[in-house]
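# Below are the sequence and a predicted model; questions follow.
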Amino acid sequence: TQGKYKFKDEPLSSIAGRLEKYYDVKIHIETEPLKQLKYTGTLSLDQDIQDILNIMDQEKRYKVKREGKEIFIQ
């Protein structure tokens with residue numbers, strides 16, 4: 001609501017699914033451990049999706065590569 005996405009202890013795979021729908025992209029998460037990374041926070045959906053994924057990865061646990069409407073997290 002109000003351009004915000006709030007989540008608590010949610011796995012990256014679930015967050016990616018919601019972001020796919022909102023931004024009309026396909027997100028590929030390359031490993032099972034990455035899919036299970038848990039996050040808590042609030043995101044502003046007026047930002048670019050790549051910026052959101054980079055903000056979420058403050059601990060530098062993955063790399064994000066974008067090719068058109070496809071995003072790869074490895």
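That came through fine.
# Would you map the helices across this protein?
For the chain, applying DSSP state H gives helices covering 12-23, 32-35, 49-56.
# Select from the ones you listed the stretch with the lowest mean pLDDT.
Mean pLDDT per stretch puts helix 49-56 lowest among those, at a mean of 88.
# Distance-wise, check residue 67 relative to residue 8.
Distance of residue 67 to residue 8, given as Cβ to Cβ, to the nearest Å: 31 Å. Glycine gets a C-beta too; all of them are placed from N, C-alpha and C.
# now residue 20
In this view, residue 20 and residue 8 are 20 Å apart by Cβ to Cβ.
# More neighbours: which of those two?
Between residue 20 and residue 8, counted using other Cβ atoms under 10 Å, the more crowded position is residue 20 (15 against 9).
# surely the more buried one meets residue 27?
Yes. Applying Cβ atoms under 8 Å as the test, residue 20 and residue 27 come out as touching, 5.3 Å apart.
# show me what contacts residue 24?
Neighbour list for residue 24: residue 69 [criterion: Cβ atoms under 8 Å, 6 or more residues apart in numbering].
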